[in-house]
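Chemist: below are the sequence and a predicted model for it; my questions follow.
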Amino acid sequence: MATDRKTALVTGASRGIGRAIAERLAADGATVVINYARHRDAAEAAVAAIAAGGGRVLAIQADVAKPAEARRLFEEAEAAAGPIDIVVANAAVFLAKPLAESTEEDYEQVFAVNTKGVFFTLQEAARRVRDGGRIIAVSTCGTRLYFPHASLYLGSKGAVEQFVRTLSRELGSRRITVNALAPGFTDTDMLHDDQARALGVALSPFQRLGTPKDVADVAGFLASEAARWITGQTVDAAGGVV
């Protein structure tokens, strides 16, 4: 499966890593559907930038934390761009808070997007992605590290990695690969704390933060024919952070 002439849907793609993945897939020749929940202006800017470079792209608003909206997203994407070959489940939120101080509202907020939203995105992808396609769920290298104040985020992403392992077994007969992509400390709006940014630089052998493009290039590989023999894996794009 070549990325060229394929259709890709990327959730949470108006900014940061999601936008960079959308840009990479469009540059590789895919028609890209950018999903966003709230940031319409950012989504329109992403569409304009990709289109200016000759890419085929459109944006669809949907809150994937709501199963009915996730379903609508896929229906509208198929109606506008045709059958889907590549799905990247990227939409996520981050909340830094000690576990002992986290509220039920905090739990619901984080798990609604990061876990429930990804689950139903993967469910629609499993039903709709064409044989030989690619499904990628964005996780984090933090699931194997011990970070304080990140229990909700890391717990939600740990579930995503289990979804990926199971789904890869369920879709193997259709030659669909299913993998998790695990960024490290990446220079996006989500990484706004100066202490966390300094830690990310210190933990990487490259002594810098990752860029959205660093992560997107790995996603582009996982979406390509070259990654046909990789499935059920969590693939690091973390700059050597261990």
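Modeler: Looks like it arrived, so ask away.
Chemist: can we go C-alpha only for contacts and neighbour counts from here?
Modeler: OK.
Chemist: quick one: contacts of stretch 189-201?
Modeler: Gly16, Val93, Phe94, Gly184, Phe185, Gln207, Arg208, Leu209, Val241 (Cα atoms under 8 Å, 6 or more residues apart in numbering).
Chemist: quick one, what contacts the second one?
Modeler: Just to be clear, that refers to Val93. Val110, Val113, Asn114, Tyr153, Met190.
Chemist: max-length helix in this structure?
Modeler: In the chain, taking DSSP state H as the definition, the longest helix is helix 151-171.
Chemist: one step back: narrow the contacts of Val93 to just the buried residues.
Modeler: Taking 16 or more other Cα atoms under 10 Å as the criterion, what is buried in the contacts of Val93 is Val110, Val113, Asn114, Tyr153.
Chemist: confirm that the first one sits in a strand.
Modeler: Which is Val110. No: with DSSP: H, G, I helix; E, B strand; the rest coil as the criterion, Val110 is assigned helix and is not in a strand.
Chemist: what about the closest residue to it other than its chain neighbours, distance to Lys157?
Modeler: Excluding its sequence neighbours, the residue lying closest to Val110 (Cα to Cα, 6 or more residues apart in numbering) is Val93, at 6.1 Å. For Val93, the distance to Lys157 equals 11 Å [Cα to Cα, to the nearest Å].
Chemist: which residue lies nearest the spatial centre of this protein?
Modeler: Central residue of the chain (Cα atoms, centre = their mean): Asn90, 2.1 Å from the mean position.
Chemist: what residues of the lowest-mean-pLDDT helix or strand in the chain count as buried?
Modeler: Using mean pLDDT, DSSP states H and E, helix 194-203 stands out as the lowest-scoring helix or strand of the chain, at a mean of 92. Across helix 194-203, burial judged by 16+ other Cα under 10 Å covers Arg197, Gly200, Val201, Leu203.
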